[in-house]
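1. pasting the sequence and the predicted coordinates here, then a few questions.
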Amino acid sequence: MKTLILSTAALALSAGFAMADTVRMGTEGAYPPYNFIDDKGEVAGFEREVGDELCKRAELTCEWVTNEWDSIIPNLLSGNYDTIIAGMSITDERLQTIDFSQNYFPPAASAYIALEAGADLTGPVAAQVNTIQADYVADSGATLVEFDNLDDTVAAVKNGEVNAVFADKDALVPFVTPETGLVWAGEDVPLGGGIGIGLRKSDTELKAKLDAAIQTMKDDGSLNALIVKHFGEEAKTF
């Protein structure tokens, strides 16, 4: 009976999307330059621009919703929004629970930052909870210390709670400055299959529309232009 109820609810959510053509875009709002909250209290960043353009090309109306990272997949499945566009890498583990669009950001490096280049990366290392970086640290044999958001991981290395932070390299770039005293440590590590839009498995129509729109942005170069705008000339592009 429980399975039947859940299935009916999923169908109702899918039907609601089909009739309204309104897509609630779920994001974290705390992972610059991918997504963050600007001075006006609105979602901004690379993924805001990409998401708005995708909805325009797919002739969909976008509404933006923020959600803490730790519960972002459960709240998608509960119907609180229709997509996850929050720097989420495509992984086999996540594909067991949700579906993904084709990637809108290519597979890129993850990296460590620390107070010194020779930091002990087998000691305590911080990573954001429920990320592929956290899984990697745990599997590496280092002591994993998880935090709810990226800022807290960086604060932990600054105050000596951990030896290093491991995260998407593009997200760590703004923290590596003479003022912070943070530097790159160890080697870059390629992880994941790129970043895609997370969707419920039942929303096949929405996935098809977003896949088509992403492909047009790849084909005309506009997606690469946004990647360079937000991540710099050295960023990996399609």
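-> It's in.

2. count the residues that sit near Lys56.
-> 12 (other C-beta atoms under 10 Å). Every residue, glycine included, has its C-beta placed from N, CA and C.

3. so it sits in a helix?
-> Yes - Lys56 sits within a helix when classified using DSSP: H, G, I helix; E, B strand; the rest coil.

4. can you give me the domain boundaries for the protein?
-> 2-106+193-231, 109-190 (automatic domain parsing).

5. Trp184 contacts Ala117, doesn't it?
-> Yes - with contact defined as C-beta atoms under 8 Å, Trp184 counts as touching Ala117 (6.7 Å).

6. who's more crowded, the two?
-> Neighbour count, other C-beta under 10 Å: between Trp184 and Ala117, Trp184 has more, with 16 against 11.

7. any weak-confidence spans in the protein?
-> Applying pLDDT under 70 to the chain flags the ranges 1-20.

8. CSV for the domains of the chain, including distance to Phe238?
-> Conversion of those to CSV gives the following (distance: least, C-beta to C-beta, whole Å):
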stretch, distance to Phe238
domain 2-106+193-231, 5
domain 109-190, 15
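
9. distance of Ala235 from Lys201?
-> For Ala235, the distance to Lys201 (C-beta to C-beta, to the nearest Å) stands at 31 Å.

10. wait, what's in contact with the residue most central in space within the chain?
-> Taking C-alpha atoms, centre = their mean, the centroid of the chain lies closest to Gly87, which sits 1.5 Å from it. Taking C-beta atoms under 8 Å, 6 or more residues apart in numbering, we find Gly87 in contact with 28, 31, 34-35, 47, 105, 168, 171, 195.

11. kindly recompute the last result at 6 Å.
-> Contact analysis of Gly87 by C-beta atoms under 6 Å, 6 or more residues apart in numbering lists 31, 34, 195.

12. return the closest of those residues with respect to Leu144.
-> Closest to Leu144 out of these is Tyr31 (19.1 Å), distances taken as C-beta to C-beta.

13. just to revisit the earlier point, how about the nearest residue to the residue nearest to the centre of the chain, chain neighbours excluded?
-> Spatial nearest neighbour of Gly87, chain neighbours left out: Tyr34 (4.0 Å); criterion: C-beta to C-beta, 6 or more residues apart in numbering.
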